[in-house]
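Novice: compute the structure for the input listed below.
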Amino acid sequence: MNPADALGEIGFWLERERAVTYKVQAFRKAAAAIAGLGVDDLRKRREQGGLQRIAGIGARTAEVIEQALDGEVPGYLADLRERNTEPLVAGGEEVRAALRGDLHTHSDWSDGGSPIDVMARTAAWRGHEYMVLTDHSPRLTVANGLSAERLAEQLDVVSEVDAGIDDFRLLSGIEVDIHEDGSLDQTPEMLDRLDVVVASVHSKLRMDRGPMTRRMLKAVADPHTNVLGHCTGRLIEGSRGKRPESQFDAKRVFAACAEHDVAVEINARPERRDPPDPLIETALEAGCLFSIDSDAHAPGQLDFLDHGAARVAELGVPLDRVVTTWPVDRLLAWSHAGR
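Specialist: Residues are numbered from 1 along each chain as shown. So this is what the prediction gives:
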């Protein structure tokens, strides 16, 4: 098999398993290091004993390259494939099979780890019919959020990548920060140009219940908002530690989501599981739509959808109320409807 493809696939499976970042990056960097080299060039370098002279190639990645050059599936990759044959979590197989896309993903244009093209092609390989690229907005400087000018540049890249992948749609979007006053952190003119807008709170998560409720109500009422992202902001595990839920009047906020046709995100990142089960039940009672999203910051994290699918199955959310089960034409008719 192609050595660069083998290295990239190893990176995918390691990300899926939530391996430590340095291990994943060893394979991602090695794949990038040889991406411009042909098979004949790599064979010549191997014969001359020089694979590890290529910057970014170590003993383990050189072994993978050599086995791929010999026409084998590298042993390390074969082991990863074998232990990743099952869903990440059991119980959501029917829901997972119904999912057509993902409305919340990130690339290296903000705080993701991979190029747009790699994210999109991986989504297509994993059976997605569409994926929305939702890099961060400018206020989130720690995540290299996109100014209006950078977002405009990204739209050209999104169009180019979309045109290059058959039977798949890469859609334009943003995860826009909700300011403390409830306004959205991007110009209305740019938001008008996007296919999907995910609005999320990233700052002042410990606001008092009243101000936080008003903040979220204003964001939900903005006609650009399609999805209310990870609404409580909680963290229940992981390297960033734990963080309690933001406090707000869930009945009022979800009633507003239902009124304005805004989907409540079921964020599938295992360290978030946001909203908690009781809030999903409240949103169900309010008549809300839902969006199962990976919030992927790396290609292997696209499979985090398994976690969200299992929760939807357990809580009995009707599939027709999950917008990520909809075909792309229906999704776009919904997301553009209020603008």
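
Novice: dump the residue contacts of residue 98.
Specialist: If you count contacts by Cβ atoms under 8 Å, 6 or more residues apart in numbering, residue 98 has them with 319, 322, 325. Backbone N, C-alpha and C define where each C-beta goes, glycine included.

Novice: so what's the last one closest to, chain neighbours aside?
Specialist: In this case it means residue 325. Spatially, and ignoring its direct neighbours in sequence, residue 325 is nearest to residue 98 (4.6 Å; Cβ to Cβ, 6 or more residues apart in numbering).

Novice: same check, this time on the second one
Specialist: The spatially closest residue to residue 322, leaving aside those adjacent along the chain, is residue 290, at 5.1 Å (Cβ to Cβ, 6+ apart).

Novice: residues in contact with that neighbour?
Specialist: The contact partners of residue 290, by Cβ under 8 Å, 6+ apart, come to 263-266, 280, 283, 312, 317, 321-323.

Novice: which helix runs longest in this structure?
Specialist: For the chain, the helix with the greatest residue count under DSSP state H is helix 148-163.

Novice: what mean pLDDT does the helix or strand just after it have?
Specialist: Tracing the chain past helix 148-163, the next element assigned as helix or strand by DSSP states H and E is strand 169-177. In this model, strand 169-177 has a mean pLDDT of 98.

Novice: report the angle between strand 169-177 and helix 148-163.
Specialist: 160 degrees (axes from the mean of the first three to the mean of the last three Cα atoms, to 10 degrees).

Novice: for strand 169-177, buried residues please.
Specialist: Of all the residues in strand 169-177, those buried under the rule 16 or more other Cβ atoms under 10 Å are 169-177.

Novice: out of these, which comes closest to residue 32?
Specialist: When the buried residues of strand 169-177 are compared for distance to residue 32 (Cβ to Cβ), residue 170 comes out closest, at 20.7 Å.

Novice: could you report the neighbour count for residue 149?
Specialist: Neighbouring residues of residue 149 were enumerated by other Cβ atoms under 10 Å; the total is 10.

Novice: domain ranges for this structure?
Specialist: Domain assignment for the chain, taken from automatic domain parsing, gives 3-83, 93-336.

Novice: point out the most buried one among those domains.
Specialist: The highest average neighbour count among the domains of the chain, using mean count of other Cβ atoms under 10 Å, belongs to domain 93-336 at a mean of 20.

Novice: helix/strand/coil for residue 25?
Specialist: Secondary structure assignment for residue 25 (DSSP: H, G, I helix; E, B strand; the rest coil): helix.

Novice: tell me how far the residue lying closest to residue 158 once chain neighbours are set aside lies from residue 20.
Specialist: Among residues not flanking residue 158 along the chain, residue 172 sits closest, at 5.0 Å (Cβ to Cβ, 6+ apart). Applying Cβ to Cβ, to the nearest Å, one obtains 32 Å for the distance of residue 172 from residue 20.

Novice: which secondary structure element of this protein has the lowest mean pLDDT?
Specialist: Among the secondary structure pieces of the chain, namely its helices and strands, helix 39-47 has the lowest mean (mean pLDDT, DSSP states H and E), a mean of 94.

Novice: need the residues that contact that one.
Specialist: Under the contact criterion Cβ under 8 Å, 6+ apart, helix 39-47 has outside partners 2-3, 34, 37, 51, 53-54, 65-66, 69.

Novice: and the furthest pair within those?
Specialist: Across those, no pair lies farther apart than 2 and 53, at 20.7 Å, counting by Cβ to Cβ.
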